[in-house]
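Peer 1: just a sequence and a predicted model for now, questions to come.
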Amino acid sequence: MASSSLFQSPSFSLKPQKPISPPSTRPHFTTTIKCSSSSSAAKCRDNIRDDAHRHNTTHTHHFSAKYVPFNSPADDTSSESYSLDEVVYRSQSGGLLDVQHGMAALKNYDGKYWRDLFDSRVGKPTWPYSSRVWSKKEWVLPEIDSDDIVSAFEGNSNLFWAERYGKTVLGMNELWVKHCGISHTGSFKDLGMTVLISQVNRLRKMNRPVVGVGCASTGDTSAALSAYCASAGIPSIVFLPANKISMAQLVQPIANGAFVLSIDTDFDGCMNLIREVTAELPIYLANSLNSLRLEGQKTAAIEILQQFDWQVPDWVIVPGGNLGNIYAFYKGFHMCKELGLVDKIPRLVCAQAANANPLYLHYKSGWDEEFKPVKANTTFASAIQIGDPVSIDRAVYALKKSDGIVEEATEEELMDAMAQADSTGMFICPHTGVALAALIKLRNKGVIGPTERTVVVSTAHGLKFTQAKIDYHSKEIPDLACRFANPPVQVRADFGSVMDVLKKYLSKSEAPKH
Ligand SMILES: Cc1ncc(COP(=O)(O)O)c(C=O)c1O
Ligand SMILES: N[C@@H](CCOP(=O)(O)O)C(=O)O
């Protein structure tokens with residue numbers, strides 16, 4: 001992408017680095033709670049993990065979960081299944097797997113029980129339930145010992161009422177943005193990675209031969225993987241497509257001590273390589289091909305319902321790349337319906353960049369033709385520059401079951417949507433721009449109505465993608481008008497010059513409307 005002359009950026013070499021040693025064993029994230037002077041010695045707590053141990057707050061009622069081939073009938077005991085303690089990513093037929101929960105045991109408790117239980121855990125410094133992923137532990141990894149959990153108290157992300165953007169740009173009263181990128185490593189990947197790395201931690205304590213954890217990445221999975229591994233003292237290995245991820249994303253695994261391979265290919269090439277490598281070496285695969293990740297990511301859907309006090313929104317729009325997340329959202333909503341917490345699920349929209357739109361093309365064919373991967377072209381939404389998504393079957397299933405829609409956004413549409421949203425007080429990533437651009441199209445077509453409650457899922461923090469914003473506001477992007485660019489004004493350092501530009505600016509700006 002174009003670089004800017006208006007903004008000065010610090011120099012940082014993208015040259016491949018010397019191999020970095022894996023991090024040594026370090027303590028996990030813990031929060032120390034000091035004893036008040038009046039508390040008795042018996043009540044005095046070292047940390048919340050020890051406290052949970054003492055009070056056995058991690059009791060899980062013997063719920064269970066296992067891997068089954070994706071789209072297996074629920075509670076089918078006759079067919080292929082695997083313990084979550086096995087290292088397995090594919091079914092015997094080579095298809096995807098899914099984590100299947102023992103629904104009969106979960107159904108012994110009604111919807112109110114689950115709503116009250118989940119609500120009761122919000123905002124308490126209790127291990128591991130302070131994490132909004134682990135506050136749903138019974139529905140995520142019911143059998144893991146809480147001592148094995150590696151958590152940064154993920155989830156609890158802002159569900160933001162986008163009042164001004166909704167009203168002025170879309171004529172909507174009920175536009176909400178779920179800021180999943182306001183999180184430990186700046187993307188929704190933390191939700192899945194806490195689950196996957198906790199399970200790896202458990203496997204390593206069981207002396208299973210897992211020497212490290214690896215992924216291919218467009219920048220966010222690698223950031224989450226390296227942070228959670230570093231926290232648990234587990235080596236991490238990341239395969240990155242050279243020069244295709246942002247500087248802020250690149251520096252994350254470097255800083256967290258991952259072994260970073262910068263490979264001269266695209267994401268799909270990296271994905272093929274990590275699959276081959278993890279089939280040969282005892283390196284555990286951390287991409288969403290591994291269905292454990294989606295167990296954490298599905299809690300974002302449950303959290304949205306909880307934040308709406310268990311009212312169901314009409315629409316949820318999710319930007320899609322490797323296509324695990326759209327299924328994770330479906331699964332979270334569907335479990336809430338099946339277990340009686342709510343009585344319906346929202347319609348889902350998957351939003352793709354037009355430069356990397358294999359799902360959109362498949363949808364436009366009426367799902368009829370066989371899915372064809374594409375060669376993904378460069379897009380400012382670089383984290384979804386993916387042409388051969390591993391979770392295509394999961395995504396199609398989720399969209400069919402939720403009466404869903406797929407929309408696409410051109411570079412101009414996604415960058416304008418991002419810039420316009422930023423101008424109303426957000427600071428979103430280009431992928432969220434893709435989702436907002438999809439929403440604009442669906443509003444213009446009358447598919448989404450003005451009063452329908454709509455949630456746009458913001459998947460990463462805007463601060464990871466500052467170069468894209470700099471390029472836009474510098475108006476340095478070929479073929480883009482950059483309609484909402486707001487470049488800084490160069491002015492001489494004297495009072496008269498400053499007053500001149502200020503008067504010009506103020507004469508153009510509108511008086512506030514009351
Ligand atoms: C910021 C961001 N948004 C959206 C996505 C798409 O998620 P998924 O691959 O699960 O479709 C990704 C990763 O692919 C991402 O990093
Ligand atoms: N955007 C992702 C791409 C890989 O997706 P995953 O969910 O399969 O790990 C990234 O940040 O790497």
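Peer 2: Happy to help now that I have it. Ligands and ions are numbered 1, 2, ... in the order given.
Peer 1: find the nearest non-adjacent residue to the residue of the stretch 51-200 of the chain found nearest ligand 2, please.
Peer 2: At 6.1 Å from ligand 2, K189 is the closest residue in the stretch 51-200 of the chain, using C-beta to the nearest ligand atom. The C-beta positions use only the backbone N, C-alpha and C, and glycine is treated the same way. Once flanking residues are discounted, K189 sits nearest to A224: 3.7 Å by C-beta to C-beta, 6 or more residues apart in numbering.
Peer 1: got the phi and psi for that neighbour?
Peer 2: Dihedral pair for A224: phi -70, psi -40, per degrees, to the nearest 10.
Peer 1: count the neighbours of it for me.
Peer 2: If you count neighbours by other C-beta atoms under 10 Å, A224 ends up with 33.
Peer 1: enumerate every residue touching it.
Peer 2: If you count contacts by C-beta atoms under 8 Å, 6 or more residues apart in numbering, A224 has them with H184, T185, S187, K189, D190, G192, M193.
Peer 1: isn't the fifth one right next to S151, touching?
Peer 2: Spelled out, it's D190. No - at 9.4 Å, D190 and S151 do not qualify as touching, with contact defined as C-beta atoms under 8 Å.
Peer 1: show the average pLDDT along stretch 388-404.
Peer 2: Averaging pLDDT along stretch 388-404 yields 98.
Peer 1: what's the closest non-adjacent residue to the residue nearest the centre of the chain?
Peer 2: The residue lying closest to the centre of the chain (C-alpha atoms, centre = their mean) is F188, at 2.1 Å. Nearest residue to F188 in three dimensions, chain neighbours excluded: C180, at 3.7 Å (C-beta to C-beta, 6+ apart).
Peer 1: show the pLDDT at the one you found.
Peer 2: 98.
Peer 1: wait, it sits on T459?
Peer 2: Yes - when contacts are counted by C-beta under 8 Å, C180 is listed as touching T459 (5.7 Å).
Peer 1: shared neighbours of those two, anything?
Peer 2: S187, F188.
Peer 1: give me the residues contacting the helix or strand containing L502.
Peer 2: Using DSSP states H and E, L502 sits in helix 495-508. Residues from elsewhere that reach helix 495-508 (C-beta under 8 Å, 6+ apart): V489, V491.
Peer 1: averaged pLDDT, that helix. What do you get?
Peer 2: 96.
Peer 1: just give me how far that helix sits from the chain centre.
Peer 2: 43 Å (C-alpha atoms, centre = their mean, to the nearest Å).
Peer 1: distance check, the residue nearest to the centre of the chain against ligand 1.
Peer 2: 7 Å (C-beta to the nearest ligand atom, to the nearest Å).
Peer 1: residue contacts, that residue?
Peer 2: By C-beta under 8 Å, 6+ apart, the neighbours of F188 are C180, G181, D220, Q297, A300, N325, V457, T459, A460.
Peer 1: do E338 as well
Peer 2: Per C-beta under 8 Å, 6+ apart, neighbours of E338: M103.
Peer 1: next, the buried residues of the one helix or strand A52 maps to.
Peer 2: Assigning secondary structure by DSSP H and E places A52 in helix 48-55. Neighbour counts over helix 48-55 (16 or more other C-beta atoms under 10 Å) mark I48, R49, D51, A52, H53 as buried.
Peer 1: check which element follows it along the chain.
Peer 2: Note on helix 48-55: by DSSP H and E, the next helix or strand toward the C-terminus is strand 65-69.
Peer 1: show the pLDDT at whatever residue of the stretch 1-150 of the chain ends up closest to ligand 1.
Peer 2: The minimum distance from the stretch 1-150 of the chain to ligand 1, using C-beta to the nearest ligand atom, falls at L96 (13.2 Å). Per-residue confidence (pLDDT) for L96: 98.
Peer 1: read off the pLDDT value for the residue of the stretch 51-200 of the chain at minimum distance from ligand 1.
Peer 2: Relative to ligand 1, the nearest point of the stretch 51-200 of the chain is S187 (5.2 Å; C-beta to the nearest ligand atom). S187 is assigned a predicted lDDT (pLDDT) of 98.
Peer 1: and it, how many residues sit next to it?
Peer 2: Neighbours of S187 (other C-beta under 10 Å): 27.
Peer 1: hey, what's it bridged with?
Peer 2: A460 (DSSP bridges).
Peer 1: pretty sure it is in contact with G462, am I right?
Peer 2: No - with contact defined as C-beta under 8 Å, S187 does not reach G462; the gap is 11.2 Å.
Peer 1: mutual contacts of those two, please.
Peer 2: G181.
Peer 1: quick one: the helix or strand hosting S231 near ligand 1?
Peer 2: Using DSSP H and E, S231 sits in helix 220-232. Yes - interface with ligand 1: helix 220-232 contributes D220 (C-beta under 6 Å from any ligand atom).
Peer 1: neighbouring contacts of the helix or strand just after that helix?
Peer 2: Counting by DSSP H and E, the next helix or strand C-terminal to helix 220-232 is strand 236-241. Residues from elsewhere that reach strand 236-241 (C-beta under 8 Å, 6+ apart): 22, 212-219, 222, 225-226, 229-230, 250, 253, 256-263, 265-267, 269-270, 273-274, 283.
Peer 1: now do stretch 166-176
Peer 2: In contact with stretch 166-176 (C-beta under 8 Å, 6+ apart) are residues 159-163, 165, 313, 420, 424, 439-440, 443, 450-456.
Peer 1: all strands of the stretch 1-150 of the chain, in order?
Peer 2: Using DSSP state E, counting those that start in this stretch, the strands assigned to the stretch 1-150 of the chain run over residues 65-69, 82-83, 97-101.
Peer 1: each with direction, which strands does the last one pair with?
Peer 2: Translated: strand 97-101. strand 65-69 (antiparallel).
Peer 1: alpha carbons only: can I get the strand it pairs with in CSV?
Peer 2: Provided in CSV are the C-alpha atoms of strand 65-69 (Å, rounded to 0.1, in the frame of the first residue of the first chain):
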residue,chain,number,x,y,z
ALA,A,65,-17.7,-32.4,25.2
LYS,A,66,-16.0,-34.3,22.4
TYR,A,67,-14.9,-33.9,18.8
VAL,A,68,-17.3,-35.3,16.1
PRO,A,69,-17.3,-34.8,12.3
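Peer 1: give me the distance between that strand and the centre of its chain.
Peer 2: On C-alpha atoms, centre = their mean, the centre of strand 65-69 falls 23 Å from the chain's centre.
Peer 1: residues contacting G433?
Peer 2: With contact taken as C-beta under 8 Å, 6+ apart, G433 is in contact with F380, A381, A409, L414, M415, D416, A417, M418, A419, A421.
Peer 1: wait, I meant G214
Peer 2: L225, S236, I237, V238, F239, I274, V277, T278, I283, Y284, L285, A286.
Peer 1: redo the residues you listed as a markdown table? Include neighbour count.
Peer 2: A markdown table is the format used below for the contacts of G214 (neighbours: other C-beta atoms under 10 Å):
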| residue | neighbour count |
| --- | --- |
| L225 | 30 |
| S236 | 29 |
| I237 | 26 |
| V238 | 29 |
| F239 | 24 |
| I274 | 23 |
| V277 | 16 |
| T278 | 22 |
| I283 | 20 |
| Y284 | 27 |
| L285 | 21 |
| A286 | 33 |
